[in-house]
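> Need coordinates for the following:
(chains A and B)
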Amino acid sequence: MEFFRNTNIDFLGKKWYFLAFSLIFSTAGILSMIFWHGIPLGVDFRGGTLVTVKFADKPDNGAIRSDLEKAGMHNAVIQNLEPGSNEVLIKLDIKETNEAQLDKGTARIIQALDTNPQPGKQNINNSYRIGFSAVRGSLGNRDPLHAAPAEYDQLARRIIDFRDKEHSGIIKSMDVLKGVVPDAAVEALKQDFYTANYGVRGADVVGPQVGGQLRNQASLAVGFSLLAMLVYLWFRFELIYGVAAVVAVFHDTLITLGAFSLTNQEITLTVIAAILTLVGYSMNDTIVVFDRIRENVKLMRREGLAEIVNKSINQTLSRTILTSGLTFLTVLSLYLFGGEVLHGFSFALVIGILIGTYSSIAVAAPMLVAYTEWRSKRSAAVAVPAQGSKGKVRVKV
Amino acid sequence: MQKNLLIKLVVIVGILLVFLYGIFGIPSKLSGDGLREAVLKHIRLGLDLQGGTHLILQVQIDDAINAESDRAIEILRDELGKQNIANADFSKPDSSRPDQVVIKGLSPDATTALRNIVNDKLPEFTASSGTQGTQVITMKPDVLAKLRTDTVEKSIEAIRNRVDALGVSEPVIQRNGLGGENQILVELPGVDDLDRAKGIIQSTARLELRESRGGPWTSEQEAMQAQPNHLIPPNMVLLHGRRDQGGGGDAVYLVSRTSVVSGTDIRDATTGTRSDTMEPIVHFYLNPGPAKKFADFTAAHMKGGPDPANLAIVLDTRVISAPGIEGQISDSGEIHGGFTPESAKDLAMLLRAGSLPASLHYLTERTVGASLGADSIRSGVKAAVAGMLAVMIFMLIYYRGAGINADLALVLNLVILLGFMGFFGAVLTLPGIAGVILTVGMGVDSNVLIFERIREELRNGKAPAAAVDQGFDRAWTTILDTHVTTIVSALILFFVGSGPVSGFGLTLIFGLLANLFTAVFVSRVIFDAILSRKARGAALSI
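Model prediction:
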């Protein structure tokens, strides 16, 4: 089976369309970053509190909001996760996050959500605090079965597995446990635990200081990797190849960041990892084309660089489309099955792979040709000032 | 040729076995559960997958510097006192420079005396002249730098002892990478008893036994009233604390600035109950040197002795009790002061584990519940399997016979990647799983490059063997260049990134290295094996 065979598309002839396309998308992204959504940063970078809450039934955002407002949290952001998962993220501003008392925001959210608290008891569904040893401790203290410690270990393990693996974190009533462990054990646990209709599954609290550090780290990481690649390509090819590749990758990063800004999706630490991967991927793609150009320059001494570049892109087109298609396939499966945590990550890669593939053909290659033509025109102009130069362009490797 | 091929095949199978060992070890059972258990034993899951807490703490280094400069003031006061220079006034006016002490009210002679004392007794400091005839002593920069690193290291040590005492398995306690020099990263797998764990980590637990010369008073004013001329003696200080009799409450005591015994002098601590009141108490045992000093002190200040005084037990600058000294005590003593059995147990543990040289602030706390982690694993594995299957099926359809070759290389790639992680004890995080999936996508690129090149050569009329040879040869430069650049960015992710991002970088590096081996070497061997079985010139399935 073969999709592409002996294609002969004049890619360089379309460079003005490419330029227009790239300019429109990068400008839209930049304008959005400046005037519209800004660069939407996640809690990791901005600092703040982010609590993952799972409800027993479909969450009612209006009710959650009014509970939070009643408790004085007016700027809380409530975000629904995948439909059917009954999960929401509740985010509090950095102002509600105090380094002296980090859990304050989380504690206030729990207090606001728990409309029917039972003093002296804990909500067994708060799996971010209640795990094996809490349940085991309660069983051990109450000693309802007069059993050996190993048996209580086993019971506690079974209860936690029942909650986490079979009911993904939420038990609707303590009595449900009666089918899992002896009734006497459930009665004992009831004295320490109750079930609310929600459970806190995770809580991130990032103080402002750490947020700032991570911001620096992320920009440093992106900057360093671009620089390192420039140096490597300079060493393996020529400086202009390195510059063209880095400009193309920078273009990809800019457009991907712009896409996050335009769609107002938050940039988190994992998104930065995705962007760095995209830097590597897009560079990969550009190098494959450049390698072919380098090889063809040696073989086709008569042709001009523009023709060589066109031919090289066409020769590698089949590989380019196949690889990006296959990588796209894997990223797509991440986006579809990878769960909420990886959504931003896979979104960045979906955009990145499309743009990264496009940029090797539409940005890096035309730039290489344009620079070489400009340089030879200039040197020709110096050498033969009376005549305009229309000579063929050679590239030295 | 055949023999050569056989050796290569043996090498590949050997490598496969080695990395399978890295993933599974020697599993106890060959059932599904047994294998899963074996994998989990070798490949560590990150906190985001198994649940747990990630904390970043800031060490308040200034505490340690202040303690050093206070000690210097104490020595200077003592030594100047011996030379009958009494009117020196010590202060630390700039709170951002705890390493600097300003001394006022010195005559020229006294200044010379001060400089000599600094030279002789305080080698860590230098003396210089300040504004308006003051003298300034400043900690030497190298001493200061060492104090900073030592303080962070000692804090890490103390936190590790405490976390170990709590029985947390496989905790991570280290300096927080690039996150500023005074930060400590603590990762605790599991979330149980987190609030207690946080309290215990943060508690400074600096125990000191000091001389007490009065109290308890109800307020500082009352304490001042009780002093002759309403002045506190220069070597004494007022500290708040707990009222021993009459049901607790705040009280003020007059205690010495320096301690007789401090936390580092304690050899062991245990809990017990007082025989008369059944109140929980903490016993402590001293090292031999401090025990002798303590014996001298208690002999000199016991009730009915020449200079009776009380013994203030000070924990983190709060007096928890100040009993009279009944008799000479040498190497052990007991502390009581309204403990619950739980808090007595914690204090004994903290005394054994050692005090923190400076206080700590929490900067970040991230908690993932085990149920959320379980969900993440499920979706991560689902995505990985789906992505991998899609790629493998496509390769089979598109390249037919050679597709099998690519799929074998892909599976081997995965085995080597996971085996690497097992051998290096690398932590698999959720972004790490994404890294694995991405490696599959990008790993197949090398195969595509080679296969496309072989097809091209075949189209140009080359014989299969020559086409395979040329294909691998020509694709090699490109593969090398692409892998080097990607490894560079993965390395930067690994070093600059933190936590999950760093784990992702590591996964990517292992994946790329594995890919270089499988796509170039293994795939070639398979091709050669196929070609050697075919008649010369027979068509290749690609």
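
> Nearest residue to residue B:343 in space, please, no chain neighbours.
Setting aside the residues directly before and after it, residue B:343 is nearest to residue B:280 in space (CB to CB, 6 or more residues apart in numbering or on different chains), at 7.8 Å. All C-beta atoms are positioned from the backbone trio N, CA, C, and that covers glycine.

> give me the number of residues near that neighbour?
By other CB atoms under 10 Å in any protein chain shown, the residues close to residue B:280 number 21.

> tell me the SS of residue A:52?
strand (DSSP: H, G, I helix; E, B strand; the rest coil).

> could you list every residue that touches it?
A:87-89, A:200-203, B:372 (CB atoms under 8 Å, 6 or more residues apart in numbering or on different chains).

> got those residues as CSV, with distance to residue B:68 columns?
Below are the contacts of residue A:52 laid out as CSV (distance: CB to CB, whole Å):
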residue, distance to residue B:68
A:87, 51
A:88, 50
A:89, 46
A:200, 43
A:201, 45
A:202, 41
A:203, 38
B:372, 45
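
> Show me these that map onto helices.
Of these, the ones assigned to helices by DSSP state H are residue B:372.

> If any of the contacts of residue A:52 are buried, give me the PyMOL selection for them.
Here is the PyMOL command that picks out the buried ones among the contacts of residue A:52, judged by 16 or more other CB atoms under 10 Å in any protein chain shown:
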select buried, (chain A and resi 87+88+89+200+201+202+203) or (chain B and resi 372)
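
> In contact with the residue nearest to residue B:343, which residues are there?
Counted by CB under 8 Å, 6+ apart, residue B:280 has contacts B:271-274, B:336, B:339-341, B:343-344.

> Any chance of JSON lines for those, columns neighbour count and pLDDT?
Formatted as JSON lines, the contacts of residue B:280 follow (neighbours: other CB atoms under 10 Å in any protein chain shown; pLDDT from 0 to 100):
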{"residue": "B:271", "neighbour count": "18", "pLDDT": "89"}
{"residue": "B:272", "neighbour count": "14", "pLDDT": "87"}
{"residue": "B:273", "neighbour count": "14", "pLDDT": "87"}
{"residue": "B:274", "neighbour count": "11", "pLDDT": "83"}
{"residue": "B:336", "neighbour count": "19", "pLDDT": "76"}
{"residue": "B:339", "neighbour count": "20", "pLDDT": "80"}
{"residue": "B:340", "neighbour count": "10", "pLDDT": "81"}
{"residue": "B:341", "neighbour count": "11", "pLDDT": "82"}
{"residue": "B:343", "neighbour count": "14", "pLDDT": "80"}
{"residue": "B:344", "neighbour count": "24", "pLDDT": "84"}
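
> Give me the subset of those that lies in helices.
Residues of those located in helices (DSSP H): B:341, B:343-344.

> Show me what residue of the stretch 151-300 of chain B gets nearest to chain A.
In the stretch 151-300 of chain B, the residue found nearest to chain A is residue B:192; the distance is 3.7 Å by CB to the nearest CB.

> Show me where chain B dips below the pLDDT cut-off.
Chain B contains residues with pLDDT under 70 at B:1, B:177-180, B:191, B:244-248, B:498-500, B:536-537.

> what residues go with each domain of it?
If you go by automatic domain parsing, the domain ranges for chain B are B:2-50+B:370-533, B:62-144, B:208-325.

> can you tell me the distance between the two ends of the longest one?
Using CA to CA, to the nearest Å, one end of domain B:2-50+B:370-533 lies 10 Å from the other.

> And the shortest one, by the same measure?
In terms of CA to CA, the two terminal residues of domain B:62-144 are separated by 11 Å.

> Now look at that domain and say if it contacts chain A.
No. Between domain B:62-144 and chain A, judged by CB under 8 Å from any CB of the partner chain, nothing touches; the nearest distance is 15.6 Å.

> Look through chain B and tell me its longest strand.
As assigned by DSSP state E, the longest strand anywhere in chain B is strand B:207-217.

> what's the residue nearest to residue B:343 sitting at in phi/psi?
Backbone geometry at residue B:280, expressed as degrees, to the nearest 10, gives phi -70, psi 140.

> ok, the closest residue to residue B:26 other than its chain neighbours to chain A distance?
Leaving out its chain neighbours, the residue that sits closest to residue B:26 by CB to CB, 6+ apart is residue B:38, at 8.0 Å. Counting by CB to the nearest CB, to the nearest Å, the gap between residue B:38 and chain A amounts to 19 Å.

> Can you tell me which helices and strands the lengthiest helix in chain B packs against?
The longest helix of chain B (DSSP H) is helix B:464-496. Helix B:464-496 sits against helix A:208-236, helix A:269-299, helix B:430-459, helix B:500-515, helix B:523-533, with contacts defined as 3 or more CB pairs under 8 Å, 6 or more residues apart in numbering or on different chains; DSSP states H and E.

> Show me what counts as buried in it.
Neighbour counts over helix B:464-496 (16+ other CB under 10 Å) mark B:464-465, B:467-472, B:474-475, B:478-479, B:481-494, B:496 as buried.

> Could you give the average pLDDT over stretch A:163-176?
Mean pLDDT, computed over stretch A:163-176, is 86.

> now the end-to-end length of it.
With CA to CA as the measure, stretch A:163-176 spans 10 Å from end to end.

> and that stretch, is it in reach of chain B?
Yes. Applying CB under 8 Å from any CB, one finds stretch A:163-176 touching chain B at A:163-165, A:168-169.

> and the longest helix of chain B, how far out from the chain's middle?
Centroid separation between helix B:464-496 and its chain, computed with CA atoms, centre = their mean, to the nearest Å, is 37 Å.

> Tell me what angle it forms with helix B:523-533.
170 degrees (axes from the mean of the first three to the mean of the last three CA atoms, to 10 degrees).
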